[in-house]
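J.: task: produce atomic coordinates for the following.
(chains A and B)
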Amino acid sequence: MRLNDDVELIDGMPAAFIRSLNSIVISDPHLGYEGVMAKRGMLIPKVNLKHLLEMLDACIRKTGADRLIIDGDIKNEFSTVETEELNELIDLLRFVKEKGIRLTIVKGNHDNFVERYKEPFKLEIHGQEFAENGYLFFHGEALPAKSSKTKFMIMGHEHPSIAVFNKAGKKEKLRCFLYGSLYGKKLLVIPASNYFASGTEINLYPKEELLSPVFKKANVDSMQAIAIGYGSTINFGSISSLRAL
Amino acid sequence: MIIKVGTPFSNEESLAALNPYARSWFLRNFKELTPPQKYSFKLITEKKNTLIAAPTGSGKTMSAFLSVISRLFNLSLEGSLEDRVYCIYISPLKALNNDIHRNLARPLDEIYNEILEKKGVSIVKENIKKVTIAVRTGDTPQKERRAQLEHPPNIFVTTPESLAIILNSEKFVEKFKGVEYVIVDELHELANNKRGVHLSLSLERLAWASDFDFTRIGLGATLYPMEEAARFLVGYSGETERDCNIVDASWSKEIDVKVISPVKDLIYTSGEEVEVQMYDEINRIIKSSKTALIFTNTRSGTERVVFNLKKRFGYGEDIAAHHGSLSRESRLEVEELLKKGSLRCAVSSTSLELGIDIGSIDNVIQIGSSKSVTRAVQRFGRAGHSFREVARGEDIVLTRDDLVECTVMMKSAKEKILDSFNTPKNALDVLAQHIVGMSLSSKWKIDDAFGLIRNAYPYHNLDKKDFISLVNYLAGSYVGLESRRVYGKIWYDEAEKTFGKRGRFIKVIYMLNLGTIPDEVAVNVIMTKTKKWIGSIEEEFLTRLKPGDIFTLGGRLYKFEYARGMKCYVSDAAAAAPTIPPWFSEQLPLSYELAVEIGKFRKRFGDVVSKCVKKPLGKGRVYLEDIPEKAFDFLKDFPIDEKAKVALFGYFAEQILFAKTIPNNEMILIESTKEDNSNKTTIVFHSLFGRRVNDALSRLFAMIMGEIMDIDVAIMVNDNGFVLSTDDEIEVDKNLIKDLFSDLVSMDVEAMLKRNIRKTELMKRRFRHVAARSFMILRNYKGYKMTVGRQQVNSQLILKAAEEIDKDFPIIKETYREIFEDVMDLNRVRNIIEEIKKSKIKYKFIKTPSPSPFSHNIIAFGHADVVLMKERQEYLKVLHKLVLERIGVRNAAK
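T.: Residues are numbered from 1 along each chain as shown, chains lettered A, B, ... in the order given. Purely as a prediction, here's the structure:
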C-alpha cells in the first residue's frame, strides 16, 4: 500500500519501503527472544530469526532495495548480550552480506550493547535518531529533536496493533502501522517485526497508558491504523473510529 | 481377569483369615462386619487385587487395612518384620492422610499392647516389633523425612505427587523393594483425570523399582463402570491384564431424597418470594437436624447462602462455608468443627463431597441440580454416618429445567443408573513428565521403557510413534544442536535406542515442576479512576469482554474499560442490566447419561401430558386439582413433593400447547424464533446429549451455517441444548436446516472442529496447561518463578511457532486430544451423528413467533449461577407471557 509517492507499506508485512533511499525499514525484531525466554524457563521453538530473514528476503526481491534500516530494539535483552542473541545477530549480518545490502541501525532501549560490536562488525549505528533526505528515524522511547529539515518521521517501540470484533463478538488482533502527524510533520509508527510480539491493542487502551512519550504530543486517536493480516495491508481508519466500534 | 465377586464370605471365614490379635481387636471394637468387609478380609489376606466400592461410613478403610495389619503382625510374631515399607497408601487428599494416620495408629498400638501383655518381655527375645506408620506429603518437615529414610515405616501414607517425587529418591526407592500392598483411596477422584493417569504410571514405575508385583487395593465411593475402574487400578503385566476382584457394596446405604419446589409456580412467583421460601425451607431443615450439609455447586453460591442464612435467621459461628477459594487453614477448621459436631450447618460448593470423615451429618441439602447421578449419590451419601442409616436429603430446585433434571436424577439414583466416567488415554503431557522422571534414575532401552509404560492401563494402546516423537521432543530435537543444552531434558541415542538424563539441573527442574494441576488465573478487576481493587474474574471471562460491556461482580454492575495483562479496568455502570451473562467455568456440566434419561422421561411424560391437554387450560396457572389423574399416576413413583408435581405438569402442558412437540433424546427439535425487540435471528437446538456433546455439536452447526450463509454465528451452549444466533437477517427455513444436517453427517468432524477450536481461548488456555505439564513452559526454573500471566504471554503465537516445527508436535497433539476427549466428548458426537445418519435420531424444525417454554432457560440462562437469579427471572416472565398469550390463556400474569 502506498502512503505517498515515496513511501510504501509492503503488503502483508511489518515493513516500509522508501523509494528515494531505496531502503526497507523495520523495527523491533528483538533477536534472541526465544533464547532469552528459554533462560527464564519458557522453552519455545525458535522461529523468529527464520521468519525475519524470510520476510526480508521477500521484501528485497519485491522492491529491489539495497539497504535495510532497523529502527531500534534489534535484540531483546536490555544490557547484557546473551550468546543466543549474538549468534542471531551474526546470522543477520551474514544474511545482509550475502544479499549485498547496507545495514543501518537505530539504537533502541534494548540496544545499549551494540556499541561494543560497532568496531568488530563495522556496524553503522546511530544513537537516538538520524536524519536523511527529509526523513527522521528514531526509536520512540524519547521525543525526537525538532528540525525544519524533517518532513517525515518514522518510529517503532510501541508495537501497535488493533483489536476488532466480528459480529459474533469474537476478538481478532491485528498488528498495524499508525500514520498521523507530530509537530506538524508526518509520523509513521512501525509495528514490531518480532514473531512473538503481537502488540498493544491501541484502540482498547487509554492514551495515557501508552509507552512512548510521543503520544503525549501526538494525538493517537486521530492517527490512521493500517493493519496487517492475511497477506495484505489495509487502512482500518482512525483509532478514534475504531474505539467507537 | 476382572471378576465381580458375587456372594460374600461368611463371618467365620472372613475372621478366620485374620491374625488372632487383629481379630480380637476387631471384635472388641466393632459389633459386626460391614458389607465390604465380608468380602475384603479374605480376598486381601489371599493377596488378591481388589477394588472396593462402598459409601462413607461403611468401614471401607478398615476393610482394606485390617488384612494388611494382620499380615504385618503375623510377620512381627514370626520375628521377621523388617525395617522397610510393606504397604503404601495413596490418597488424593492430604487431609485424608492425616485422618488415616490417626485412625490406624490406634489399632496398631492396641494390638501391639495386647501382644505385649500376653508375651511380656519375651517379645524382645522373639524380636516382635511394633508395626509402624508414617505420613509423607509436601508438608512433611525435612527432619521427619530423614527419619523416615533411616527407619522406614511399614505403612507409608502419601499423595500421588509425593509418591512421584519419592520414586526419584534412589535411597528411598531401596526401601520400597518388595513392597506387598498398594492401597489407592478415593479412586473415583483419580480414575477420571490426569492426576490419576499420572499415578497409574507411578505405580508401574514402583512395580519396576520394587521388583515385585504387589497387591493392588482400590477404594472408592461410586464408580461406574466398575470394570473400567478395576482396569485402571491394576493395569497390565505385559500383554495380560492383571486379575482384579470387584466388591460392589456401593448400594449398601439407602438414599431417601425428595425433590422440593419452594413454590408452586417457578415463573411468576417473584424472585424475592422464591428466595424467602427457599431460605425458609432450608432453615426448617437445619432446625430439624443436628447437623446439615448444603451443596451449592459454585463458590459464589456458597458465600451467598451463608450470608443469607446468617442475615435472615441470626445464625452465627454455627454456620460455615467450605470451598476451594478459602485458605487451607479455614477449610481444616470447618472440617474439625464438623467432626466435633459443633456446627449446625456447613455450606460447600463441591469441596465437601468427598474425602475425610466429617462426622455425623443427618441431612444433605442440594440447591439446584448436581448435574450427575453419581455426584448426587456421593453428596447425599454424606448423610447418615453408619451404613445402616438411611441417607436423607432434600434437593431444592429453582427452575423448571432443574425440576425435570432432579426428578429424573433422583429416580435414576434409586434405580442405580449411574453416569460413566472416562479415563484419559495416552495423555502425552503426563507421559512426558514420567519419561523425564525415569531418565533421572537410570539409562533406559526404548523398548523397556515402552513396555513399562504400556503396563499402565491409560497407556496400554499407546502408539509407539507418539512415544518416539515425545522422546524426541524431550531430547530437544526441535531446536538446533547448540541450544539443546537448554531445551533438552533427556538425551536420546537413536542408533542405540536408549535414553537417559541430560545435565545436572534437570532433577531440580523435574522436582519443582512435577504435577498435573494447572495454575489458574484470577484476573484482578480494578476501578480505572481510583485504581481500587474490586474483586477478581476468571481469565476466560475476560477474553469475552468488549469495552463497554456491562457485567455483574459481587452483586454490582461494572462497565468494562480495558485490560492490561492480568488486570481488568472497569468503571461504575449506570445501566439496569448486564449486557453479558455471568460466566462460571466451574459450573458443572450435565452428564450424557443423565441427559439421555431426561430425554426418555420427556418422551414418556410428554405422551401422557399430550393426551390430557387438547385445549387451553384456562385461568393461566395450573393448580394441583387441575392435574389429570393419568399424569398424577405417572408421577407417583418419583420422589418429588406435591408443588413440584404441579410445576412439572404445567411445564410440559405449556410446551405441548405452544409447540405441539416435546423434544427428547431421539428427536432434536430445532426452533427458529425471534427474541423480544430484536432483529437477531435465533435458532434453538433442543439437543439432549449432555453439555460436553452439545459443546462440540454447537460448534459444528455454527461453522456449517457460517459457511453456507457466509455470516458470523454466535454460540450459547447449555445443558439442554444450544442457541445459534446472528445479527444478520437471514431466512431460516426447512431447506437450510436440511442442508445443515446433510453437511453434518457427511463431513470430517475432527478436521472441522480443529479448525473451529484452533483460534479459541479454550485452545490457548489448554495449550498453556499442556505446555506446562510437558515442561515446555517451566513454572519454576532456576529460582525464577513464572507467573501465570507470563505463562499466558502469547500462547497463541507459541502455538503457531510449534505448529511450524511440526503439525503433530506432541504438545499440540495432546492439546487437541484433551479438548476432544476430556473437555468435549468427540466419540459420542460421532456416534450421535451416525445415529442421525441412520435416522435413529430424528430432527424436527419449527418456527415460533417467540421462544417456546422449553427454550426459555436455554436462552435466558446461558452460563449462570443458580442462586443469582433475579434479572433472569424477570426476563423469563417476559418470555412466558408471550407463550401464554399464544396458547390462549388470558389473565396470565398477576
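J.: which one of the residues in chain B is closest to chain A?
T.: Nearest residue of chain B to chain A, counting by CB to the nearest CB: B:Tyr781, 2.9 Å away. Just so you know, the C-beta spots here come from the backbone N, C-alpha and C atoms, and that holds for glycine as well.
J.: can you give me the helices for chain A?
T.: Using DSSP state H, the helices of chain A run over A:33-39, A:48-63, A:83-99, A:115-121, A:214-217, A:239-244.
J.: need these in CSV with mean neighbour count, mean pLDDT and distance to chain B, can you?
T.: CSV is the format used below for the helices of chain A (neighbours: other CB atoms under 10 Å in any protein chain shown; pLDDT from 0 to 100; distance: least, CB to the nearest CB, whole Å):
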stretch, mean neighbour count, mean pLDDT, distance to chain B
helix A:33-39, 22, 84, 5
helix A:48-63, 17, 96, 8
helix A:83-99, 17, 88, 7
helix A:115-121, 12, 78, 20
helix A:214-217, 17, 94, 15
helix A:239-244, 16, 89, 8
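J.: how about A:Ala65: what's its closest non-neighbour residue?
T.: Sequence neighbours aside, A:Ile24 is the residue nearest to A:Ala65 in space, at 4.7 Å (criterion: CB to CB, 6 or more residues apart in numbering or on different chains).
J.: right, and that neighbour touches A:Phe17 too?
T.: Yes: under the criterion of CB atoms under 8 Å, A:Ile24 lies in contact with A:Phe17, with a separation of 5.6 Å.
J.: which neighbours do these two share?
T.: Contact criterion CB atoms under 8 Å, 6 or more residues apart in numbering or on different chains; residues shared by A:Ile24 and A:Phe17: A:10, A:59, A:63, A:65.
J.: for the third one, give its distance to A:Asn22.
T.: Think A:Thr63. Distance of A:Thr63 to A:Asn22, computed by CB to CB, to the nearest Å: 8 Å.
J.: one step back: residues near the residue nearest to A:Ala65, how many?
T.: Using other CB atoms under 10 Å in any protein chain shown, A:Ile24 is surrounded by 24 other residues.
J.: how close does it get to chain B?
T.: Separation of A:Ile24 from chain B (CB to the nearest CB, to the nearest Å): 23 Å.
J.: which residues sit in contact with that residue?
T.: A:10, A:15-17, A:56, A:59-60, A:63, A:65, A:67-69.
J.: among the residues you listed, which two are most distant?
T.: A:Ile10 and A:Arg67 (14.5 Å; CB to CB).
J.: B:Ile285: what's it in contact with?
T.: Taking CB under 8 Å, 6+ apart, we find B:Ile285 in contact with B:292, B:363, B:365, B:394.
J.: so which of those residues belong to strands?
T.: Among those, the ones falling in strands (DSSP state E) are B:292, B:363, B:365, B:394.
J.: could these be laid out in JSON lines, adding pLDDT, distance to chain A and neighbour count?
T.: JSON lines is the format used below for these (pLDDT from 0 to 100; distance: CB to the nearest CB, whole Å; neighbours: other CB atoms under 10 Å in any protein chain shown):
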{"residue": "B:Ala292", "pLDDT": "94", "distance to chain A": "42", "neighbour count": "25"}
{"residue": "B:Asn363", "pLDDT": "92", "distance to chain A": "44", "neighbour count": "22"}
{"residue": "B:Ile365", "pLDDT": "95", "distance to chain A": "38", "neighbour count": "26"}
{"residue": "B:Glu394", "pLDDT": "94", "distance to chain A": "40", "neighbour count": "21"}
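J.: on that earlier part again, between A:Ile10 and A:Arg67, who's got more neighbours?
T.: Shown here are A:Ile10 and A:Arg67; by other CB under 10 Å, A:Ile10 has more neighbours (21 against 17).
J.: what about that one, distance to A:Tyr179?
T.: Taken as CB to CB, the span from A:Ile10 to A:Tyr179 is 15 Å.
J.: where do the helices of the stretch 251-400 of chain B begin and end?
T.: Along the stretch 251-400 of chain B, counting by DSSP state H, counting those that start in this stretch, helices occupy B:271-288, B:299-313, B:328-340, B:373-380, B:400-414.
J.: okay if I get those helices as TSV plus mean pLDDT?
T.: Shown next, in TSV, are the helices of the stretch 251-400 of chain B (pLDDT from 0 to 100):
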stretch	mean pLDDT
helix B:271-288	89
helix B:299-313	84
helix B:328-340	83
helix B:373-380	88
helix B:400-414	91
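J.: and of those helices, who's closest to B:Ser169?
T.: B:Ser169 lies closest, by CB to CB, to one member of the helices of the stretch 251-400 of chain B: helix B:328-340, at 25.4 Å.
J.: now the closest one: how far from the chain's centre is it?
T.: Its chain's C-alpha centre and that of helix B:328-340 lie 23 Å apart, by CA atoms, centre = their mean, to the nearest Å.
J.: which parts of that helix are buried?
T.: B:331-332, B:334-335, B:337-338 (16 or more other CB atoms under 10 Å in any protein chain shown).
J.: tell me which of the residues you listed is nearest to B:Glu281?
T.: Distances from B:Glu281 to these, taken by CB to CB, are shortest for B:Leu338, at 22.1 Å.
J.: list the contacts of that closest one.
T.: B:291, B:346, B:358-359, B:361.
J.: returning to that earlier point: give me whichever of the helices of the stretch 251-400 of chain B is most buried.
T.: Mean neighbours per residue, mean count of other CB atoms under 10 Å in any protein chain shown, is largest over the helices of the stretch 251-400 of chain B for helix B:373-380, with a mean of 26.
J.: so what secondary structure elements neighbour that one?
T.: The helices and strands touching helix B:373-380, judged by 3 or more CB pairs under 8 Å, 6 or more residues apart in numbering or on different chains; DSSP states H and E, are strand B:255-260, strand B:363-367, strand B:391-396, helix B:400-414.
J.: any chance of those in CSV, with distance to A:Gly108 too?
T.: Putting these into CSV (distance: least, CB to CB, whole Å) gives the following:
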stretch, distance to A:Gly108
strand B:255-260, 67
strand B:363-367, 58
strand B:391-396, 63
helix B:400-414, 58
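J.: and the residue nearest to B:Ile453 when sequence neighbours are not counted, what are its phi and psi?
T.: Excluding its sequence neighbours, the residue lying closest to B:Ile453 (CB to CB, 6+ apart) is B:Tyr459, at 4.9 Å. Backbone torsions for B:Tyr459, taken as degrees, to the nearest 10, come to phi -120, psi 10.
J.: quick check on the nearest residue to A:Met37 once chain neighbours are set aside: phi, psi?
T.: Using CB to CB, 6+ apart and skipping the chain neighbours, the partner closest in space to A:Met37 is A:Ile44 (5.8 Å). Dihedral angles phi and psi of A:Ile44 (degrees, to the nearest 10) take the values phi -90, psi 150.
J.: enumerate the residues of chain A near chain B.
T.: Within chain A, the residues that sit near chain B (CB under 8 Å from any CB of the partner chain) are A:35, A:38-47, A:84, A:87, A:165-171, A:195-198, A:201, A:204-206, A:209, A:243.
J.: buried ones only from the residues you listed, please, as a PyMOL command.
T.: This is the PyMOL syntax for the buried subset of these, where burial follows 16+ other CB under 10 Å:
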select buried, chain A and resi 35+38+39+41+42+43+44+45+46+47+84+87+168+170+171+195+196+197+198+201+204+205+243
